[in-house]
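Participant: from the sequence below, what's the structure:
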Amino acid sequence: DMLLDLTHARLAGKHVSVSSLCIASGVPATTALRRITDLVETGLAVRIKDHSDGRRVFVELTDDGFARMIRYLDKVERTAAAKIGRPARRA
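Facilitator: Numbers count the residues shown, from 1 in each chain. This next block holds a predicted model:
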């Protein structure tokens with residue numbers, strides 16, 4: 001869910017705060033914070049300080065994280081299309 005939220009935010013040109021991402025994940029905050037740390041440590045996401053509000057931190061996908069999500073979503077779409085017997089949509 002976090003990766004989907006971050007992918008959507010990047011496509012929409014929006015920022016996602018750590019607290020917003022934790023809430024959207026639907027898991028306890030401590031679990032969500034651990035998953036964010038995992039995403040950062042694996043190079044899929046980065047934390048970025050909000051320069052207008054020192055208390056807030058944003059999370060964004062790295063270029064590699066975004067590329068991996070796009071490949072994943074394309075694969076999901078192709079698999080679903082094959083299962084229902086129609087060609088996958090092309091961007």
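
Participant: does G65 count as helix, strand or coil?
Facilitator: Assigned state for G65: helix (three-state reduction, DSSP: H, G, I helix; E, B strand; the rest coil).

Participant: tally of neighbours for the nearest residue to it once chain neighbours are set aside?
Facilitator: Closest residue in space to G65, ignoring its immediate chain neighbours: L44 at 3.5 Å, by CB to CB, 6 or more residues apart in numbering. (Each C-beta comes from the backbone N, C-alpha and C, glycine too.) By other CB atoms under 10 Å, the residues close to L44 number 18.

Participant: check the one 10 residues further on too.
Facilitator: G54 is flanked by 8 other residues according to other CB under 10 Å.

Participant: ok, it to L44 distance?
Facilitator: Counting by CB to CB, to the nearest Å, the gap from G54 to L44 is 25 Å.

Participant: dihedrals phi and psi, the residue nearest to G65?
Facilitator: For L44, the backbone dihedrals (degrees, to the nearest 10) come out as phi -90, psi -20.

Participant: distance check, it against M69.
Facilitator: If you go by CB to CB, the gap between L44 and M69 works out to 8 Å.

Participant: now do the shared contacts for these two.
Facilitator: Taking CB atoms under 8 Å, 6 or more residues apart in numbering as the contact rule, L44 and M69 both touch 3, 61.

Participant: would you confirm that the residue nearest to G65 contacts L61?
Facilitator: Yes - counting by CB atoms under 8 Å, L44 sits close enough to L61 to count as a contact (6.5 Å).
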